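Engineer: Give me the fold of what follows.
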Amino acid sequence: MMFTILITEDDESLLGYLKDFLLEQGYSVLVAQDGTSALKQTQRSKPDLLLLDLKLPDITGETVCVEVKKMYPDLPVIILTAKDTTQDLVQSLHIGADDYIAKPFEVDELLARIKARLRESDHQTSVLQVEDLTLDMQTLEVRRRGKRIDLTPQELKLLEYLMRNKGKVLTREMILNRLWASTPDIETRVVDVYIGYLRKKVDRSSQKLIRSKRGFGYYIHKPEQSD
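Structural biologist: Numbering: from 1, shown residues only. The predicted structure follows:
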């Protein structure tokens, strides 16, 4: 599974450094340089973890943390700050942050904290299932009616995203930000193309599970849902 991390930091050089470092570690990365952008990115893409600087140019990091936790209580938030007193730590945890690291910090320590929080938050079953379609997140094996389906890495990521949000309509922008956030100048049409690839493999000669909501986006059918 490729996790998506949103970095909110107004220091452009630190932001670029952290982005490059996390991309090298295999994460998908989103960035924001102010609190308003961070909240919009979170609502649009729902990252797996938020790295959040407290000192932002528009609204405070504390406010961002509180609002993010209202939207997604289980989304891990790691605070990045130059403050390092016990009182600062307690205050960060009080507003809902899951962890705290003081600047300057070693990236290896930050990476360890990120991995720990993602392990804690990834409480979902290792086997995703929608009707007769299964995706084993340990072996990355996809089966429909017991028959194995071979997918490309990007098709697999797309299917996982749909299955983890079964019944929920995902807009093209949400899918694009989730799967292609690190690829500049890519058009939303690529989402339609990959949905087409996935449908040919997953829905061939079976009940159609991958569906579209005209004018909105795509979703994967769940049994109790009527159309």
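
Engineer: Tell me the buried residues in stretch 40-56?
Structural biologist: Buried positions in stretch 40-56, judged by neighbour count with 16 or more other C-beta atoms under 10 Å: 41-42, 45-54, 56. C-beta: built from backbone N, CA, C; applies to glycine.

Engineer: Please tell me how far the spatially most central residue of the chain sits from residue 204.
Structural biologist: In the chain, the centroid-proximal residue (C-alpha atoms, centre = their mean) is residue 47; its distance is 3.0 Å. Between residue 47 and residue 204 the computed distance is 33 Å (C-beta to C-beta, to the nearest Å).

Engineer: what residues go with each domain of the protein?
Structural biologist: What the record gives for the chain is the domain set 4-121, 127-220, from automatic domain parsing.

Engineer: mind listing the helices for this protein?
Structural biologist: With helices called from DSSP state H, the chain shows them at 12-24, 35-45, 61-71, 86-94, 107-121, 153-164, 172-179, 189-202.

Engineer: Any regions of this protein where pLDDT drops low?
Structural biologist: Applying pLDDT under 70 to the chain flags the ranges 1, 83-94, 121-125, 181-185, 222-227.

Engineer: Please report the distance of residue 34 from residue 142.
Structural biologist: Residue 34 is 40 Å from residue 142, where distance means C-beta to C-beta.

Engineer: So if I had to pick from those two, which one is more boxed in?
Structural biologist: Applying other C-beta atoms under 10 Å to residue 34 and residue 142 shows that residue 142 carries more neighbours, namely 22 against 17.

Engineer: tell me the contacts of that one?
Structural biologist: Going by C-beta atoms under 8 Å, 6 or more residues apart in numbering, residue 142 touches 133, 134, 135, 136, 148, 149, 150, 151, 156, 159, 202.

Engineer: Swap in 6 Å and give it another go.
Structural biologist: Residue 142 makes contact with 135, 149, 151, according to C-beta atoms under 6 Å, 6 or more residues apart in numbering.

Engineer: wait, isn't the second one in contact with residue 199?
Structural biologist: When you say that, I think you mean residue 149. No: the criterion here is C-beta atoms under 6 Å, and residue 149 misses it with residue 199 at 11.7 Å.

Engineer: Look at these two and report which has more neighbours.
Structural biologist: Legend: neighbour count by other C-beta under 10 Å for residue 149 and residue 199, higher for residue 149 (19 against 16).

Engineer: In space, what's closest to the more buried one - neighbours in sequence excluded?
Structural biologist: Leaving aside its sequence neighbours, residue 149 sits nearest to residue 142 (C-beta to C-beta, 6 or more residues apart in numbering; 4.4 Å).

Engineer: any idea how far residue 195 is from that neighbour?
Structural biologist: In terms of C-beta to C-beta, residue 142 sits 16 Å off from residue 195.
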